[in-house]
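S.K.: One predicted model, sequence on top.
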Amino acid sequence: MRFIRAACLTIAGAYVVPPGAGVHAAELTQTIEQVKPSVVGIGTFLKMRSPNVQFTGTGFAVADGRYVVTNAHVVVRPLDEANNETRIVLVSRGGEPTSRNTDLVAVDKEHDIALLRIAGDPLPALRLGDSAKVREGQTLAFTGFPIGMVLGFHPATHRGMVAAITPVALPGITAKTLSAKSISRIRESVYRVFQLDGTAYPGNSGSPLYDPEDGTVYGIINSVFIQGTREAAISRPSGITYAIPGQYIREMLRDAKVAGFE
């Protein structure tokens, strides 16, 4: 049993509203249209590489629309500066994606989040809600790029119930490795995350987790639970996904002195 980051691969698709879903389904279809312009792809560009764009995950616009939040593991790989590799965001307004240069503003590896500032015109920003108000049994949605650009640059939406609000998983901790020092370190570093009964894929890393009724963001997708190999996340998805609560995004924005997200 393993946990993998929800990045680097994806199956793009469209959310299908089930028959008889009623008013909530109608609200979600409208919310998806509201959210999609704020969702971007994250990647790198290297002119001499084929393909020259390498997709690494999903992100979404916040604050004044010039900032994008994603996962730390999506942007942690060092750039090949000797060959002028650059970090980019991919933006689509219904047609072919266009790239924007971006600067890495802040990284919080403990909570697996990162903040980028993008060049060009601002994007529609998503509003951050109070993640402390999320409760088990609440239904939330997330939109991102579950297998990158393999099937085209089309954001896909999934929906899931908050199955548990649980301490973050710490892979590799076994009885043999426990000591008084390691137990103390675990107690200090553990925080709670949202466990969802929704299916995310590699590539969904950085997808906003939001209220289906109004698009308010309460978290960010960061990993999926798998049994077996990494490829099993696509061929045999567990339907168990994890998201980092949005309170840590808010803390990062405050620390970076970013205005306009309250």
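M.R.: On my side now, so go ahead.

S.K.: what's the nearest residue to residue 164 if we skip its chain neighbours?
M.R.: Leaving aside its sequence neighbours, residue 164 sits nearest to residue 195 (Cβ to Cβ, 6 or more residues apart in numbering; 4.2 Å). C-beta: built from backbone N, CA, C; applies to glycine.

S.K.: residue contacts, that neighbour?
M.R.: Shown in contact with residue 195 (Cβ atoms under 8 Å, 6 or more residues apart in numbering): 162, 163, 164, 165, 166, 240, 241, 242.

S.K.: which of those residues has the most neighbours?
M.R.: residue 241 (27 neighbours; other Cβ atoms under 10 Å).

S.K.: for that residue, phi and psi?
M.R.: phi -130, psi 150 (degrees, to the nearest 10).

S.K.: how far away is it from residue 196?
M.R.: 5 Å (Cβ to Cβ, to the nearest Å).

S.K.: The closest residue in space to residue 43 that isn't next to it in sequence sits in which helix or strand?
M.R.: Nearest residue to residue 43 in three dimensions, chain neighbours excluded: residue 55, at 4.6 Å (Cβ to Cβ, 6+ apart). Applying DSSP states H and E as the criterion places residue 55 in strand 53-62.

S.K.: how far is that strand from where the chain is centred?
M.R.: 8 Å (Cα atoms, centre = their mean, to the nearest Å).

S.K.: That strand: what's the following helix or strand?
M.R.: strand 67-70.

S.K.: Now do that next one: which elements does it pack against?
M.R.: strand 39-45, strand 53-62, strand 113-118, helix 247-255 (3 or more Cβ pairs under 8 Å, 6 or more residues apart in numbering; DSSP states H and E).
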